[in-house]
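A.B. asks: I need the structure of the sequence given here:
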Amino acid sequence: MTEGYGRISQLMGCQDTCAIYRRFRRLNSLNLLYLQAELTHLEEELESIVKRDAADPERRFHAKDWWSLSQHNDEDEDDDDAAEQWEKVLEIRKKLKQYNDTLLKQAEIARLGAPAPQDISFLRKWWRRPGMGYFPLVGADRNSYSENHERDLVAVKARSAPDPFTRWFNDGLVATWHGWFGRNVKVELGIGRGIYEYNDDWLAGVARVIATVVASLLPTVSVVIQYFIHDDLIKLYLIVLASAIFALALATMTNARMVEIFAATSASYAAVNVVFLTNTAVDIAG
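C.D. replies: Residues are numbered from 1 along each chain as shown. Model prediction:
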């Protein structure tokens, strides 16, 4: 395995989610403030020149005619003031382009997602452990991934925030399965001892199937239980309990918004109520 930056780049090239870097928010903001200050001074200088030229009979049309502003007569060649306004405009144009480009790039960087907690945790462990990174850097940038820079880190390919169930499935169930069986069938990656890779899309698909099955079973199980219960009060308690469990499942097994949770729970509640009222009507008729 290569050393230093080569070793880190090997890890980041192999694991896209570990391609984590500092965004240097403070320095980027400082740079933008300096550019803003330069443009502010240039703006004031231009306004002063415009006022001066407006009072000069030979240059009074500079504010109304671009040609007279940008082109100068031969008799004005020795008059440095004649070209000063246009030269100031050209100077501002260059600085303004630099400022706009920097501002837009900063906006693009700000839209990049922060690394997932498990990815930054893995990177830090890899950084310290023998047989892996084992403190690959010795310069000032060796602390780039410390807790001090936690909020300054950005991931090139940030993981989307999983729902609590998927997070438990990946970090808990899959990790347990790997400890028992997975490490015997998986092949280590060439970026350090004890590092294995599982397909995120496949894991997300399995978690999604489990969540779908659970979501379809919960209302059905509630209806089946009601079929065998004849006490109306117990049925009402069951409806409340079933609605609470269904809402909890939505909150923990999906990324549904609050309004979606309320809508789905209301629909489920209405369906269970229909069954309850139907069974009650049948009991009365009987």
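A.B. asks: give me phi/psi at the residue positioned nearest the centre of the chain?
C.D. replies: Against the mean C-alpha coordinate of the chain, by Cα atoms, centre = their mean, the closest residue is Gly113 at 2.6 Å. Main-chain torsions, Gly113, degrees, to the nearest 10: phi -80, psi 160.
A.B. asks: Contacts only, for it.
C.D. replies: 154-155, 158-159 (Cβ atoms under 8 Å, 6 or more residues apart in numbering). C-beta coordinates here come from the backbone N, C-alpha and C atoms, glycine included.
A.B. asks: Inside strands: which ones of those?
C.D. replies: Judged by DSSP state E, the subset of the contacts of Gly113 located in strands is 154-155.
A.B. asks: which of the contacts of Gly113 lies closest to Leu241?
C.D. replies: Closest to Leu241 out of the contacts of Gly113 is Arg159 (34.6 Å), distances taken as Cβ to Cβ.
A.B. asks: what about the residue nearest to the closest one when sequence neighbours are not counted, how many neighbours?
C.D. replies: By the measure of Cβ to Cβ, 6 or more residues apart in numbering, the closest residue to Arg159 outside its immediate chain neighbours is Ala116, 4.1 Å from it. Neighbours of Ala116 under the rule other Cβ atoms under 10 Å: 18.
A.B. asks: Make 8 the first number, not 1, from now on.
C.D. replies: Noted, 8 is the first residue going forward, which turns the last one into Ala123.
A.B. asks: pLDDT score for Ala123?
C.D. replies: pLDDT recorded at Ala123 is 86.
A.B. asks: Just the buried positions in the helix or strand Arg131 falls within, please.
C.D. replies: Using DSSP states H and E, Arg131 sits within helix 124-135. Buried residues in helix 124-135, defined by neighbour count with 16 or more other Cβ atoms under 10 Å: 126-127, 129-130, 133-134.
A.B. asks: re earlier: measure the residue nearest to Arg166 to Lys164 for me?
C.D. replies: Distance, Ala123 to Lys164, by Cβ to Cβ, to the nearest Å: 10 Å.
A.B. asks: list residues touching both of these two?
C.D. replies: Thr24.
A.B. asks: can you give me the helices for this structure?
C.D. replies: Taking DSSP state H as the test, the helices found in the chain are 11-21, 32-61, 73-77, 87-118, 124-135, 171-175, 181-184, 190-192, 207-235, 239-260, 265-292.
A.B. asks: export the ones you listed to TSV and tack on distance to Ser153?
C.D. replies: TSV is the format used below for the helices of the chain (distance: least, Cβ to Cβ, whole Å):
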stretch	distance to Ser153
helix 11-21	15
helix 32-61	16
helix 73-77	54
helix 87-118	20
helix 124-135	8
helix 171-175	24
helix 181-184	25
helix 190-192	30
helix 207-235	27
helix 239-260	33
helix 265-292	36
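A.B. asks: Comparing these, which yields the minimum mean pLDDT?
C.D. replies: helix 265-292 (a mean of 55).
A.B. asks: related to what we said a few turns ago, nearest to Lys95 among the contacts of Gly120?
C.D. replies: Here the nearest of the contacts of Gly120 to Lys95, counting by Cβ to Cβ, is Val161; it sits at 37.8 Å.
A.B. asks: per-residue pLDDT, that closest one?
C.D. replies: 94.
A.B. asks: List the contacts of it.
C.D. replies: 27-30, 116, 119-122.
A.B. asks: and of the buried residues of helix 124-135, the nearest to Trp93?
C.D. replies: Looking across the buried residues of helix 124-135 and measuring by Cβ to Cβ, the closest to Trp93 is Ile127, at 52.1 Å.
A.B. asks: Starting from Thr24, give me the distance back to the closest one.
C.D. replies: Distance of Ile127 to Thr24, computed by Cβ to Cβ: 10 Å.
A.B. asks: likewise Asp239?
C.D. replies: Asp239 is 54 Å from Thr24, by Cβ to Cβ.
A.B. asks: cool, and Ile217?
C.D. replies: Distance from Ile217 to Thr24, by Cβ to Cβ: 23 Å.
A.B. asks: Of the two, give the one with the bigger neighbour count.
C.D. replies: Per other Cβ under 10 Å, whichever of Ile217 and Thr24 has more neighbours is Thr24, with 19 against 15.
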